[in-house]
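Asks: From the sequence below, what's the structure:
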Amino acid sequence: MSGKFVATGKFGTHTVVWSPAKLYAKTGNPLFVWCEIDRCRSADPPRRLPAWVLRYLAGASREIVDVDIAILEPRARQRRVLGALGFGGQGGTNPWDEMIKTRHSINVAHTDLAKVRWQKNPSARRRVNRAREDWDLPDH
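Replies: As a prediction, the model looks like this:
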């Protein structure tokens, strides 16, 4: 299942398609898991969660259940639960900022793809090829 967002730029409006499964595998950003959960639940009729999402939830549930509430203080428990879900990196990157950067990178690649088509721009072609490799973008 893929996600979509609309990008508008100098070369027109286009729909950018991305795969939360591939992006999660490449970045480890848990927001892509939650995007997939939301997409599955929002579909009509709702779709079953894919195996990769279930693996993520199973791993997180093990860690959450193992939190020792008798020993840890409430804030420590909250940090452990957030860490189990992939949101608790100590001094790490912000998953929301990283998701925005990833989506921007994909959007730039699609915009460059339009440049390649319309202007035969060689530097844009290199950026598109690099982004296709980085993000497994389809070859339109």
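Asks: Enumerate every residue touching Gly86.
Replies: Gly86 sits next to Gly28, Asn29, Pro30, Val33, Tyr56, Ala60, Pro95 when contact means C-beta atoms under 8 Å, 6 or more residues apart in numbering. Quick note: C-beta positions are derived from backbone N, CA and C, even for glycine.
Asks: Point out the least confident member of the residues you listed, please.
Replies: Here the lowest pLDDT out of these sits on Pro95, with 84.
Asks: Would you enumerate the residues in contact with that one?
Replies: For Pro95, the contact set (C-beta under 8 Å, 6+ apart) comprises Asn29, Pro30, Leu31, Gly86, Phe87.
Asks: measure the nearest residue to Pro46 once chain neighbours are set aside to Val53 for me?
Replies: Residue nearest to Pro46 in three dimensions, not counting chain neighbours: Cys40, with 6.3 Å by C-beta to C-beta, 6 or more residues apart in numbering. Distance, Cys40 to Val53, using C-beta to C-beta, to the nearest Å: 8 Å.
Asks: okay, those two: which has more neighbours?
Replies: Higher neighbour count among Cys40 and Val53: Val53, with 19 against 15, using other C-beta atoms under 10 Å.
Asks: TSV please, covering the contacts of Gly86 and showing distance to Asp68 and secondary structure.
Replies: TSV is the format used below for these (distance: C-beta to C-beta, whole Å; DSSP: H, G, I helix; E, B strand; the rest coil):
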residue	distance to Asp68	secondary structure
Gly28	26	coil
Asn29	28	coil
Pro30	23	helix
Val33	25	helix
Tyr56	23	helix
Ala60	17	helix
Pro95	26	helix
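Asks: Only the buried residues of stretch 81-89, if you could.
Replies: Under the neighbour-count criterion of 16 or more other C-beta atoms under 10 Å, stretch 81-89 has Gly83, Ala84, Leu85, Gly86, Phe87 buried.
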